[in-house]
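missing the sequence, but the structure's below:
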């Protein structure tokens, strides 16, 4: 049996603190810890495998979103994948949370998506992706930028996506209309055409919202 496990702890949209998706023999199963509950990622994955009678040792690939997103959730999810990689030979792939979010809000439509997250201190964490021909391409790398600079970069043909609370704030304060994603689970990481990258599990690094990599 071929099995792929996807894990997310970024909680971009406030739906689930942790989520796992298991694709085995072409069948998809999803489990999640509701946002606001502590949960246990290892137990979540174990129970998900048990529900499908999949031996964890039979998982040959793990996909994890590396952020940006929840500081604690990313740290736990990435550390969990690092541990899995140390005790097995499974293939590990990472993907930027914002690339997944861009694809998630567009569905099967094509276009450019400006994703926004609150980076505090008067800044927004943003990236620009393009979904075309079934593939998502990164047009601008994720970075933290002053709110007014981000808003100035939004073009008329851009779809703007943000978590519900930030979307409401941008609408009321700046008149910016945003799509808000719902039903965010690890199943979104399994969609074809995402810019996933192969990684040594021990070298995986979370991309925190206010980390130095994001400074402009």
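Thanks, I have it. It should be emphasised that the depicted structure is a prediction, and the values quoted were computed from it without experimental measurement.

list the buried ones in the longest strand seen in the chain?
Secondary structure of the chain per DSSP state E: the longest strand is strand 135-146. The neighbour-count check on strand 135-146 (16 or more other CB atoms under 10 Å) flags 136, 142-145 as buried. Every residue, glycine included, has its C-beta placed from N, CA and C.

return the set of buried residues in stretch 64-71.
Neighbour-count burial for stretch 64-71, counted by 16+ other CB under 10 Å, picks out 64-71.

before we move on, back to that, moving C-terminal from the longest strand of the chain, which element do we reach first?
Where DSSP states H and E defines the elements, the next helix or strand beyond strand 135-146 is helix 147-153.

list the helices and strands that next one packs on?
For helix 147-153, the packing partners by 3 or more CB pairs under 8 Å, 6 or more residues apart in numbering; DSSP states H and E come out as strand 111-120, strand 123-132.

dump those strands into CSV; add distance to residue 174 as well.
What follows is the helices and strands packed on helix 147-153, written out as CSV (distance: least, CB to CB, whole Å):
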stretch, distance to residue 174
strand 111-120, 11
strand 123-132, 11
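
Serialize the ones you listed to TSV and add fields for mean pLDDT.
Formatted as TSV, those follow (pLDDT from 0 to 100):
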stretch	mean pLDDT
strand 111-120	94
strand 123-132	95
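
columns distance to residue 172 and mean neighbour count on top of the ones you listed, output as CSV?
Converted to CSV, the helices and strands packed on helix 147-153 look like this (distance: least, CB to CB, whole Å; neighbours: other CB atoms under 10 Å):
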stretch, distance to residue 172, mean neighbour count
strand 111-120, 14, 21
strand 123-132, 15, 22
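
for residue 15, which of the ones you listed is the nearest?
strand 111-120 (14.7 Å; CB to CB).

which ones among the buried residues of stretch 64-71 are found in helices?
Applying DSSP state H to those, the entries found in helices are residue 71.

nearest to residue 207, of the buried residues of stretch 64-71?
Nearest to residue 207 out of these is residue 67 (CB to CB; 3.7 Å).

against residue 168, how distant is the closest one?
Residue 67 is 23 Å from residue 168, where distance means CB to CB, to the nearest Å.

can you tell me which of the helices and strands packed on helix 147-153 is nearest to residue 176?
Residue 176 lies closest, by CB to CB, to one member of the helices and strands packed on helix 147-153: strand 111-120, at 8.7 Å.

identify all contacting residues around the closest one.
The contact list for strand 111-120 (CB atoms under 8 Å, 6 or more residues apart in numbering) reads 12, 68-69, 98, 101-102, 105-106, 124-131, 139, 144, 150, 153-155, 157-163, 165-166, 170, 178, 209-210, 214.

from what I can see residue 123 touches residue 146, true?
Yes - taking CB atoms under 8 Å as the definition, residue 123 is a contact partner of residue 146 at 5.7 Å.

re earlier: so what secondary structure elements neighbour the longest strand of the chain?
Using 3+ CB pairs under 8 Å, 6+ apart, strand 135-146 is in contact with helix 97-106, strand 123-132.

indicate which one of these is closest to residue 186.
Short answer: helix 97-106, nearest of those by CB to CB, at 9.5 Å.

for the helices and strands packed on helix 147-153, which one sits closest to residue 60?
Nearest to residue 60 among those is strand 123-132 (27.6 Å), distances taken as CB to CB.
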